[in-house]
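>>> Provided below are the primary sequence and the corresponding predicted coordinates.
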Amino acid sequence: MTSLLSVRNLSFGYAALGHTRRPVLDQLTFEVAQGATVALMGANGAGKTTLLKVFAGLLVPQRGEVRLLGRLLSACSRRELARSIALVPQEISVSVDFTVLQFVRQGRAPYLSFLGILQDTDRIAVWKALELAGVDHLAERRFNELSGGERQRVKIALALAQEPQLLLLDEPAQHLDIGRQAEIFSVLERLNQQGITIVAAVHDLESARRYFTQGILLRPGLSPIIGPPPEILTSSAIQEAFELVATEAHHGGTESLRKTKALKHSAT
Amino acid sequence: MNAAAAGVSITERIARERSASGLRRTLLLASGAMALLLASILVSAVLGAVHISTHSILAALAGDRAALSSTELTILLQVRLPRIVTAGIIGAALSLAGVLFQGLFRNPMADPYVLGTSGGAAVGAALGLFLFPTASILGFGAAASFAFVGSIVTIVFVYALARSGGKTPMVPLLLAGLAVSIILSEASAVLIYMGDEISANARNLSLWLHGTITALGWSQIVLASVMLLLGGLLCIPLRPVLDLFALGEEYAQQLGIRIEVARASLIIVASLLTAAAVLLGGVIGFVGLLVPHVVRLIAGPEHGRLLLLSSIFGASYLIVADTVARTVRAPSEFPVGIITAFIGAPVLLYLLRRSKREYAL
């Protein structure tokens, strides 16, 4: 398999009052294969969202490089990036009363000419995206009146209208009930079958095990563990990554993590 | 996919989409707005100290040269029509600027003067009236010319104040605009009270700060039309940018927008339009704030249609308001800004009450 995304020695830290803080991402190196589904895991603040934003070109790494099909991200224009990589953010506030159709149309922005007129190809791409995300029946509804699960799928539809090769999602199942979570992951499976590579920040390790072919477990101060989720999510790896003591207790086949005590960690 | 929607082909959907929200509907709405504009022009031409009948105006338009007396013709061509056109240009410019600023700030409270333009215009006008009362630039009087310069200088100053590290964050920009506007407005008041007596200049200034439309010469009108046309044309490429801004900064950025370039362009175009309006008629409130809200209710939130219809509707609104301003207590006049506020504020309150759900742009 060829690699779609290659990350070399990537470091990023947020600047705080003129000083560069301890990097959130420190010397990361890994590859994302074309057609893979990758679960980004790690504790809050481990850098999952940051990494997604770097991939989307919203943040520029201080050191290291990211290449998309061999091409440096920093060498691509904003519009070029938007045509290959789409990010579905966790939260969004839409300040106007867009319908779902009007909202998803915005995904065509990177394809529009100077005058911004939608062509037939754009309209077709929008409807395909709505169908693929399973929200075509919501087209006339107001975005701000949708339920959480519907909203999440509509955001995915906007990303699909960009016709990306790489789809990035920040906690797509956050705040959703298990039924809606399953819906989201089945949409993602369908997209992956269409050849779209998926990288998602995932909170729930069980979903990571079940739905993703590759996992990246970010650990504070240590290099990440990379591999198929069932293999890398050992209790010791989880302990380190989430700074807790995990006990694997099996209740009717489900594994639960019991937080017994937080390990001491020193702030730098 | 639900069962009802299945089986509908994409071609059919696009056909439906076009008829519901396509160009045809925009043209239909625009023709309605144009009809309203023509009606307001006609009403404004008829009303005034000298009544000219609708019938004779229509007959003259149809080619009957004898329909209007020469006095009536002079009144129409040299007094009423220039004033109607001036009001229309101001209304269109302020409404476009209102849409641009509300979209830029993602804030329904934003109006054309949000970056301190009104304060800068006030100080400029005061300086012009008190120091160089007889000055005139390109046929515009002292107050107008100095106010134009004052508003441009203020916007540049506010923008520079808010800028830090190559970025222009929106909240500091709003606050800087607010603070500078207040300081400058009070400074213009100081200029008034420093005089030994409340002079005619002070009264002129006060009139001007509430917006006063006068019949300008045609050369000034041409100049102002060029500014409006330029601003209007520049709105065309900014239209998709405004739609994307509605999704938030990061979304806009990841959809291919260069945020700082887009913001600077929006500020430049909106400021040009506001300054043009200030040049023609002083500070007129409640047009740029209200018109976009009303049009959104009719035409929806997409900015292409919103900009087009706001400009036409804004022109009609100010023509009507100015007609009221000059006829309600004829032969003396009210500043038009008082009328736009008296009509606009209750309309806005009514809209707020009517839209029962939480108000979105």
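Right, received. Where do you want to start? Residues are numbered from 1 along each chain as shown, chains lettered A, B, ... in the order given.
>>> Only C-alpha atoms from now on, for both contacts and neighbour counts.
Noted.
>>> Enumerate every residue touching B:Leu223.
Shown here is B:Leu223, which makes no contacts under the criterion CA atoms under 8 Å, 6 or more residues apart in numbering or on different chains.
>>> for the helix or strand harbouring it, what is the average pLDDT?
Assigning secondary structure by DSSP states H and E places B:Leu223 in helix B:218-245. When pLDDT is averaged along helix B:218-245, the result is 93.
>>> ok, which stretches of chain B are strands?
Residue ranges of the strands in chain B, as given by DSSP state E, are B:136-137, B:140-141.
>>> Chain B contacts on chain A?
Among all residues of chain A, those adjacent to chain B (criterion: CA under 8 Å from any CA of the partner chain) are A:56-58, A:78-82, A:86-87, A:92-98, A:102, A:106-107, A:109-110, A:114-116, A:123-124, A:127-128, A:131, A:134-137.
>>> mind listing which of the residues you listed are in strands?
Members of the residues of chain A next to chain B lying in strands (criterion: DSSP E): A:86-87.
>>> out of the residues of chain A next to chain B, which are buried?
Among the residues of chain A next to chain B, those classed as buried by 16 or more other CA atoms under 10 Å in any protein chain shown are A:56-58, A:78-79, A:81-82, A:86-87, A:94-98, A:102, A:106-107, A:109-110, A:116, A:123-124, A:127-128, A:131, A:134-137.
>>> Low-confidence ranges, chain A, go.
Counting by pLDDT under 70, chain A shows low-confidence ranges at A:1, A:16-21, A:245-268.
>>> on that earlier part again, same list (the strands of chain B) but as a markdown table, adding mean pLDDT, distance to chain A and mean neighbour count.
Rendered in a markdown table, the data for the strands of chain B read as follows (pLDDT from 0 to 100; distance: least, CA to the nearest CA, whole Å; neighbours: other CA atoms under 10 Å in any protein chain shown):
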| stretch | mean pLDDT | distance to chain A | mean neighbour count |
| --- | --- | --- | --- |
| strand B:136-137 | 81 | 36 | 12 |
| strand B:140-141 | 84 | 35 | 18 |
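>>> B:Thr117: which of these is closest?
strand B:140-141 (18.4 Å; CA to CA).
>>> Buried residues of the lengthiest helix in chain A, list them for me.
Among the segments of chain A that qualify as a helix by DSSP state H, the longest is helix A:178-193. Neighbour-count burial for helix A:178-193 flags A:180-181, A:183-185, A:187-189, A:191-192 (criterion: 16+ other CA under 10 Å).
>>> Of all the residues in the stretch 51-200 of chain B, which one is nearest chain A?
Chain A sits closest to B:Arg106 of the stretch 51-200 of chain B, with a gap of 5.9 Å, by CA to the nearest CA.
>>> Hmm, A:Ala125 is touching A:Ala161, no?
Yes: taking contact to mean CA atoms under 8 Å, the distance of 5.6 Å between A:Ala125 and A:Ala161 places them in contact.
>>> Who are the contact partners of B:Ala246?
Neighbouring residues of B:Ala246 by CA under 8 Å, 6+ apart: A:94-96, B:103, B:106.
>>> just A:Val126 next, same as before
Under the criterion of CA under 8 Å, 6+ apart, the contact partners of A:Val126 comprise A:101, A:104-105, A:107-108, A:157-158, A:161.
>>> Could you do A:Leu118 as well?
Contacts of A:Leu118 were listed using CA under 8 Å, 6+ apart, and they are A:Leu112.
>>> secondary structure element for it?
With DSSP H and E as the criterion, A:Leu118 is inside neither a helix nor a strand.
>>> again, but for A:Arg8
Using DSSP H and E, A:Arg8 falls in strand A:3-12.
>>> What lies in contact with that strand?
With CA under 8 Å, 6+ apart as the test, strand A:3-12 has contacts from A:23-34, A:60-70.
>>> Show me which of the residues you listed are buried.
Applying 16+ other CA under 10 Å to the contacts of strand A:3-12, the neighbour count classes A:23-30, A:32-34, A:60-61, A:64-68 as buried.
>>> Which of these fall within helices?
Cross-referencing those against helices under DSSP H gives no overlap.
>>> For the residue in the stretch 201-350 of chain B that chain A sits nearest to, give its distance to A:Gln62.
The stretch 201-350 of chain B approaches chain A most closely through B:Gly256 (4.2 Å), counting by CA to the nearest CA. With the distance defined as CA to CA, to the nearest Å, B:Gly256 ends up 22 Å from A:Gln62.
>>> Also B:Tyr159?
Distance from B:Tyr159 to A:Gln62, counting by CA to CA: 28 Å.
>>> what's across from the closest residue to A:Gly64 other than its chain neighbours in the sheet?
The shortest distance from A:Gly64 to any residue that is not its chain neighbour, by CA to CA, 6 or more residues apart in numbering or on different chains, is 4.2 Å, and that residue is A:Leu10. Bridge pairing for A:Leu10 (DSSP bridges) gives the partners A:Leu28.
>>> Check which helix or strand the spatially most central residue of chain A maps to.
Geometric centre of chain A, nearest residue: A:Leu169, 2.5 Å, by CA atoms, centre = their mean. In this structure, A:Leu169 is located in strand A:166-170 according to DSSP H and E.
>>> B:Ile52 against B:Thr71, yeah?
No: counting by CA under 8 Å, B:Thr71 is not a contact partner of B:Ile52; they are 10.3 Å apart.
>>> For these two, indicate the residue with more neighbours.
For the pair B:Ile52 and B:Thr71, the greater number of neighbours falls to B:Ile52 (18 against 10), based on other CA atoms under 10 Å in any protein chain shown.
>>> how close does that one get to B:Gln254?
In this structure, B:Ile52 lies at 58 Å from B:Gln254, with CA to CA as the measure.
>>> Not counting its neighbours along the chain, what's nearest A:Pro224?
Setting aside the residues directly before and after it, A:Pro224 is nearest to A:Leu218 in space (CA to CA, 6+ apart), at 4.6 Å.
>>> The one you found and chain B: what is the separation?
Here A:Leu218 is placed at a distance of 24 Å from chain B (CA to the nearest CA, to the nearest Å).
>>> Now do the same contact list for that residue.
Counting by CA under 8 Å, 6+ apart, the residues that A:Leu218 touches are A:40-43, A:46-48, A:224-225, A:241.
>>> Same question for B:Trp218.
Going by CA under 8 Å, 6+ apart, the list of residues near B:Trp218 reads B:Pro82.
>>> Tell me the residues of the stretch 51-200 of chain B that contact chain A?
B:106-107.
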